[in-house]
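K.L.:
Build me a model from this:
(2 chains)
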Number of protein chains: 2
Amino acid sequence: MINFENSEQGDSMNINKNFLDLKESYLFSLIGRKVNEYKAQNPDVEIIRLGIGDVTLPLVPAVVEAMGRAVLEMGNAETFRGYGEEQGYSFLRHAVCGYYAKKGVELSENEVFISDGAKSDLGNILDIFDTDNSVLIPDPVYPVYVDTNIMAGRKITFLNGNAENGFLPLPDPGEVYDIVYICSPNNPTGAVYTKAQLKVWIDWAIKNDAVILFDSAYEAYIQDSDLPTSIYQVDGAKQCAIEFCSLSKTAGFTGVRCGYTIVPLELVRNGVSLNKLWLRRQTTKFNGVSYIVQRGAEAVFTEEGLKQVKENIKYYLDNARIITETLAELGIWFTGGKNSPYIWLKCPDGMSSWEFFDMLLKEYGLVGTPGSGFGANGEGFFRLTAFGNRDNVLKAMDRIRKMRL
Amino acid sequence: MINFENSEQGDSMNINKNFLDLKESYLFSLIGRKVNEYKAQNPDVEIIRLGIGDVTLPLVPAVVEAMGRAVLEMGNAETFRGYGEEQGYSFLRHAVCGYYAKKGVELSENEVFISDGAKSDLGNILDIFDTDNSVLIPDPVYPVYVDTNIMAGRKITFLNGNAENGFLPLPDPGEVYDIVYICSPNNPTGAVYTKAQLKVWIDWAIKNDAVILFDSAYEAYIQDSDLPTSIYQVDGAKQCAIEFCSLSKTAGFTGVRCGYTIVPLELVRNGVSLNKLWLRRQTTKFNGVSYIVQRGAEAVFTEEGLKQVKENIKYYLDNARIITETLAELGIWFTGGKNSPYIWLKCPDGMSSWEFFDMLLKEYGLVGTPGSGFGANGEGFFRLTAFGNRDNVLKAMDRIRKMRL
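P.N.:
The predicted model follows:
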């Protein structure tokens, strides 16, 4: 998309040249092209998509009702609201604190920042850090961590996730980095760190003065009560970690847009509170989330709302179980799918990610996501997601069972 | 808020030290403190606020209906929507293009980026420019332009707005800067550039390879048909200008959050399309605006919606007229208020901004905004806004007429 050929250094106006170091992501456009070609040649085959990274169930009634009420309030002079509270409405930050209290994590409302989604905050948080900081990013991973740091010109080191470490790499005690990303449950692998593993990361970060950017966007999918749904469930995390979460996958908010970021008051670097720095960044470069959306988000955290979204999560996790049971039958190695909507499998017969993609499409009419699109260590792996329709998942598994291995 | 005293340079993790150069904005907290003190001493006086920078009229019916429908769609499996189109829904970008067509400006849909408000995009746009670029910012001005550039460590030069140039400064032909901000109608002064004046800016920018960041958040208040409501109404602007607009003041969206940014396809620097750079920035660090909000925004641009929001704008402009007529009666110099919701006046009797603030509060129970809060050139000036309730505006003017000048 970006034509870099004619770019040249001048004395005056310059673009941010770091953008020229970004790789184009051809992943989803290549998938689209291959699917369209196949469709044109096989108009009668019903293609089933198991690669979709977006929710499909509608919003739950509690959220719909709350947002409907908020819309009406905004049309009434007595109840209309203009600019909201800078960090997000207190009613929503209070609800988030209540949600964390149930996890055993005590937060104050001024540690909670309401956002329009984890993606925005995961990118924008970098504003508060020096561009000379070194960054450690697991591979395979959500590509946004990499691209946002390239844009700022930071030095990136990749940390190898692989089948041997269950795609849950731990730090090398001898190596020092300033910023490290952890995504648990992981996108794309679905792997979830234990409390003991997170403790290793926290101890390493405190020792090295590093900051952990903890992406917990899929925490609501964790069923195993021993696994941490927040990094703050592990001692020491408030001294070294910022947590990013979203209602996108928790409550089907991908099109509604609401998330929250936790910056603990005790998180200090260079003698400066990162909470205060982030507040300054957000009050200067952001103007809050729609009142209507914040009322919808508040409803997620009510007793009724949580009950309803848990039913949707159960639906997706049942899809995941159907998929993983089929993979187990076929003897295909996989991780994820139990505490995560993602299933990460090793392509059979030593196939590359794209070879397996082509085979699934051409022989079974199935579409997934090649693991190589998530980093070098994703080569030879493949991502399936549980966000589809049940009938389609069952049909897809019937087809996969016929796979000649 | 930010304690910088203990900050120190280390070998490893560092915060973005540019934040330490930000000045704390005490403006609104000091206003609040003074008002509260006065209230405590004068519990019987009804204080009237003429400094409010937020809309007060509720959303118009067309918007309420559209958002109500969208909420219901999101609760229905057949009509639910997940992630939206990356630049914003085509239906809304199409509506924005239609709005510009009526201004005589032809845009393609891929030049329009839907945002959660002009403030976010005005800050985030800087990601695509080199931090070594020099920046020219008019003074007095919306403080966000200054703070966002300080955060990135850019060199800022201020351009003097004053009563002599009607707070509409023009470039010095001999001086070169890479990025220049223009806000027209201006916040805080309410002054509006003519087409001829904008042409001077455009010619200067093209000659010097500069980029104009044009903030048109108050364009809907322009009544004089000769004045430009978009910089693209002036020849050459597509080669040098990015335009930021918002529905906050156009349609009372301060709490709903929706705006749009225009990056022309022909705007190229270093051989690179700024449209493509901004698309890459936004698809990496932003995930779009709520579907519900985008449907509300679309409704603003319908025939019915435009008619309804124009009635609200007329209400505010009638407030402005009532205020400026009173100032004229009293012989107080002012600008704005005719094509803008802001009235910018010279404090009488050589008073400083804060002296006039104190007098208005203590003698008349009125609250406005000291001009010195918007930059050095704002000293001795004062901002009133037209966003209040009519009865309060009339009452306030009755009080002001008694002013002993």
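K.L.:
pLDDT below threshold where in the stretch 301-405 of chain A?
P.N.:
Along the stretch 301-405 of chain A, segments meeting pLDDT under 70 span A:404-405.
K.L.:
Residue in it with the shortest distance to chain B?
P.N.:
As assessed by C-beta to the nearest C-beta, chain B sits closest to A:Phe387 within the stretch 301-405 of chain A, at 8.7 Å. C-beta: built from backbone N, CA, C; applies to glycine.
K.L.:
Equivalent analysis for the stretch 101-250 of chain A, please.
P.N.:
For the stretch 101-250 of chain A, C-beta to the nearest C-beta, closest residue to chain B: A:Gly123, 3.3 Å.
K.L.:
got the contact list for that residue?
P.N.:
A:144, A:148, B:284-286 (C-beta atoms under 8 Å, 6 or more residues apart in numbering or on different chains).
K.L.:
so A:Lys155 touches A:Val135, yeah?
P.N.:
Yes. Contact criterion C-beta atoms under 8 Å: A:Lys155 and A:Val135 qualify, at 6.7 Å.
K.L.:
These two: who's more crowded?
P.N.:
A:Val135 (24 against 12; other C-beta atoms under 10 Å in any protein chain shown).
K.L.:
hang on, that one in a strand?
P.N.:
Yes. Counting by DSSP: H, G, I helix; E, B strand; the rest coil, A:Val135 falls inside a strand.
K.L.:
Pull the contacting residues for A:Leu327.
P.N.:
Counted by C-beta under 8 Å, 6+ apart, A:Leu327 has contacts A:334, A:343, A:345.
K.L.:
what's the answer for A:Leu27, then?
P.N.:
A:369-370, A:373.
K.L.:
Okay, buried residues for the longest helix along chain A please.
P.N.:
In chain A, with assignment by DSSP state H, the single longest helix is helix A:303-330. Neighbour-count burial for helix A:303-330, counted by 16 or more other C-beta atoms under 10 Å in any protein chain shown, picks out A:305-306, A:308-309, A:312-313, A:315-317, A:319-320, A:322-324, A:326-327.
K.L.:
again, but for stretch A:327-345
P.N.:
Across stretch A:327-345, burial judged by 16+ other C-beta under 10 Å covers A:327, A:332, A:334-345.
K.L.:
From the contact counts, what lies against the strand or helix carrying A:Val293?
P.N.:
Element membership of A:Val293 [criterion: DSSP states H and E] is helix A:291-300. With contacts taken as 3 or more C-beta pairs under 8 Å, 6 or more residues apart in numbering or on different chains; DSSP states H and E, helix A:291-300 sits against helix A:61-74, helix A:90-102, helix A:303-330, helix B:291-300.
K.L.:
Would you mind putting those into JSON lines with distance to B:Gly271 alongside?
P.N.:
Conversion of these to JSON lines gives the following (distance: least, C-beta to C-beta, whole Å):
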{"stretch": "helix A:61-74", "distance to B:Gly271": "46"}
{"stretch": "helix A:90-102", "distance to B:Gly271": "45"}
{"stretch": "helix A:303-330", "distance to B:Gly271": "46"}
{"stretch": "helix B:291-300", "distance to B:Gly271": "33"}
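K.L.:
ok so, going back, ok, now which ones touch the residue of the stretch 301-405 of chain A closest to chain B?
P.N.:
A:52-56, A:316, A:319, A:341.
K.L.:
let's see 6 Å
P.N.:
A:52, A:55-56, A:316 (C-beta atoms under 6 Å, 6 or more residues apart in numbering or on different chains).
K.L.:
Got the domain ranges for chain A?
P.N.:
Chain A breaks down into these domains under automatic domain parsing: A:22-58+A:305-400, A:61-302.
K.L.:
which one of those is the most hemmed in?
P.N.:
Highest mean neighbour count among those (mean count of other C-beta atoms under 10 Å in any protein chain shown): domain A:61-302, with a mean of 21.
K.L.:
First-to-last residue distance for it?
P.N.:
12 Å (C-alpha to C-alpha, to the nearest Å).
K.L.:
Pull the distance from it to the chain's centre.
P.N.:
Counting by C-alpha atoms, centre = their mean, to the nearest Å, domain A:61-302 is centred 10 Å from the centre of its parent chain.
K.L.:
Just the mean pLDDT for stretch A:188-199, thanks.
P.N.:
Stretch A:188-199 carries an average pLDDT of 98.
K.L.:
partner residues bridging the spatially closest residue to A:Gly53 that is not a sequence neighbour?
P.N.:
Of all residues not flanking A:Gly53 in the chain, A:Thr385 sits nearest, at 5.9 Å (C-beta to C-beta, 6 or more residues apart in numbering or on different chains). Per DSSP bridges, the residues bridged to A:Thr385 are A:Tyr342.
K.L.:
contacting residues for A:Thr385?
P.N.:
A:52-53, A:341-342.
K.L.:
follow-up on the earlier one: tell me how far the longest helix of chain A lies from the chain's centre.
P.N.:
The answer for helix A:303-330 is 18 Å, by C-alpha atoms, centre = their mean.
K.L.:
Give me the contacts around the helix or strand just after it.
P.N.:
Next along the chain after helix A:303-330, taking DSSP H and E as the criterion, comes strand A:334-336. Identification of contacts with strand A:334-336 by C-beta under 6 Å, 6+ apart yields A:167, A:189-191, A:327, A:342-345.
K.L.:
Now do the strands in the stretch 51-200 of chain A.
P.N.:
Along the stretch 51-200 of chain A, counting by DSSP state E, counting those that start in this stretch, strands occupy A:112-115, A:134-139, A:155-160, A:179-183.
K.L.:
circling back: put together TSV for the contacts of strand A:334-336, with distance to B:Gly378 on each row.
P.N.:
Listed next are the contacts of strand A:334-336 as TSV, based on distance: C-beta to C-beta, whole Å:
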residue	distance to B:Gly378
A:Phe167	56
A:Thr189	55
A:Gly190	56
A:Ala191	56
A:Leu327	67
A:Tyr342	54
A:Ile343	60
A:Trp344	58
A:Leu345	63
